[in-house]
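K.L.:
predicted structure and sequence below. I'll ask about it afterward.
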Amino acid sequence: MGANDLTPKFRTVQQHILDRQRQHHPTATGEFSWLLSGITLATKIIADHVRRAGLVDILGATGETNVQDEEVQKLDIIANETIAACLGYRDNVGIMVSEEDDEPRILKELDSLARYIVLFDPLDGSSNIDVNVSIGTIFSIMQRRENVAAGKVMDHILQPGYKQVAAGYVIYSSSTVMAYTTGEGVHMFTLDPSIGAFRLNRENVRMPKRGKTYSINEAYRSRFPAGVQDYLDWVKTEDAGGYGLRYIGSLVADFHRTLLKGGVFLYPPTNKSPKGKLRLLYEANPLAFIAEQAGGMATDGQQRILDKAPTALHERTPLLIGSEEEVKQVAEFWQP
Ligand code: AHM
Ligand code: MG
């Protein structure tokens with residue numbers, strides 16, 4: 001057996017990001033990989049908390065509600081503050097936006113080196129925490145705009161999703177998996193707990209063009225637009241060819257399955273919530289970026305998600321995301 005056979009053959013997420021930068025952006029300074037390492041560090045810490053949640057007193061609600069009027073879980077706060085702390089040390093992060101914070105956190109407004117804005121849902125699907133169901137972290141990275149007057153923070157933040165420079169998610173499940181894109185495909189890593197590093201397991205992930213799964217909270221059926229109800233009737237017929245329904249209620253987990261196996265996920269508007277439930281900036285945008293980079297599609301039923309011009313920090317959007325053919329199929333039923 002030669003030395004070559006004994007050399008460990010794996011790539012960590014940091015190595016992967018640096019390799020890709022060398023290939024595609026040879027003049028890059030490495031500051032972007034430094035930023036992403038802040039996110040991976042935070043998610044490793046969150047994964048550890050999630051795994052031990054039942055052993056220490058961090059399950060359950062804090063008794064407070066957030067800006068979206070949702071019950072805040074203790075782990076929501078831990079995840080939020082962990083990401084804030086890990087990114088706070090990165091000189092190039094100027095602004096942070098979180099689902100859990102009413103307002104953006106301005107870290108270094110006047111420092112021109114701090115050109116990145118990180119937007120995140122620290123713990124998506126947090127109503128599933130107490131029952132040991134998969135949850136996740138979603139993040140989106142933008143750059144500050146040029147020529148914006150001092151103090152106009154929202155002008156930097158409210159940019160359409162196609163301006164994202166990177167996006168990703170981490171799912172805390174039977175294993176902890178991270179997927180990210182910088183616009184050059186989607187790459188997936190599994191956290192190896194024995195060495196505390198995310199190791200590459202799939203490069204250039206492609207979403208199947210079709211799938212046999214639809215994913216929606218069908219309990220709200222009577223509140224959905226008529227076209228969505230028509231789709232829900234059709235999808236159960238013999239003509240449709242045998243779809244199955246899967247709905248975990250954690251967007252990250254429902255999306256992760258859709259990315260790997262194909263299918264479609266829908267969170268349509270309802271007559272009570274005309275913009276649906278999911279948030280544009282840190283839920284729909286990053287997952288839409290990943291879906292498109294993997295060959296899938298994401299719309300709000302009418303418009304491409306990545307083209308939507310946001311007008312508010314915690315803006316909601318309907319979401320139709322998944323395999324190209326499946327999204328088009330739903331869209332045929334769901335006409336404006
Ligand atoms: P959260 O970010 O507060 O956890 O809420 C978003 C979650 C998504 O993960 C999931 O797709 C959706 O809410 C489920 O909502 P519903 O219970 O209405 O089906
Ligand atoms: Mg969420």
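P.N.:
Sure, I can see it. Quantities reported herein were computed from a predicted structural model and do not represent experimental measurements. Numbering: from 1, shown residues only. Ligands and ions are numbered 1, 2, ... in the order given.

K.L.:
tell me what the helix or strand where Leu200 lies is packed against?
P.N.:
For Leu200, the enclosing helix or strand under DSSP states H and E is strand 197-202. For strand 197-202, the contact count by 3 or more C-beta pairs under 8 Å, 6 or more residues apart in numbering; DSSP states H and E identifies helix 13-24, strand 186-192 as packing neighbours. Every C-beta, even on glycine, is put in place using the N, C-alpha and C of the backbone.

K.L.:
how about those in CSV, adding distance to Gln229?
P.N.:
Rendered in CSV, the data for the helices and strands packed on strand 197-202 read as follows (distance: least, C-beta to C-beta, whole Å):
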stretch, distance to Gln229
helix 13-24, 42
strand 186-192, 32
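
K.L.:
can I get those in CSV including mean neighbour count and distance to ligand 2?
P.N.:
What follows is the helices and strands packed on strand 197-202, written out as CSV (neighbours: other C-beta atoms under 10 Å; distance: least, C-beta to the ion, whole Å):
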stretch, mean neighbour count, distance to ligand 2
helix 13-24, 16, 22
strand 186-192, 21, 20
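
K.L.:
least confident of the ones you listed, on average?
P.N.:
Summarising mean pLDDT across the helices and strands packed on strand 197-202, the least confident stretch is helix 13-24, with a mean of 85.

K.L.:
got the angle for that helix vs strand 197-202?
P.N.:
Here helix 13-24 points in a direction 50 degrees away from that of strand 197-202 (axes from the mean of the first three to the mean of the last three C-alpha atoms, to 10 degrees).

K.L.:
who's in contact with helix 13-24?
P.N.:
11, 28, 30, 32-33, 36-37, 40, 178, 180, 182, 184, 187, 189, 197-200, 203 (C-beta atoms under 8 Å, 6 or more residues apart in numbering).

K.L.:
please indicate which of those residues are buried?
P.N.:
Using 16 or more other C-beta atoms under 10 Å as the burial test, the contacts of helix 13-24 include 11, 32-33, 36-37, 40, 178, 180, 182, 187, 189, 197-200 as buried.

K.L.:
between these, which is nearest ligand 1?
P.N.:
Distance ranking of the buried ones among the contacts of helix 13-24 against ligand 1, using C-beta to the nearest ligand atom, places Met178 first at 17.2 Å.

K.L.:
what separates that closest one from Ser127, distance-wise?
P.N.:
Counting by C-beta to C-beta, to the nearest Å, the gap from Met178 to Ser127 is 22 Å.

K.L.:
give me the neighbour count for Lys261.
P.N.:
Applying other C-beta atoms under 10 Å, we find 15 residues neighbouring Lys261.
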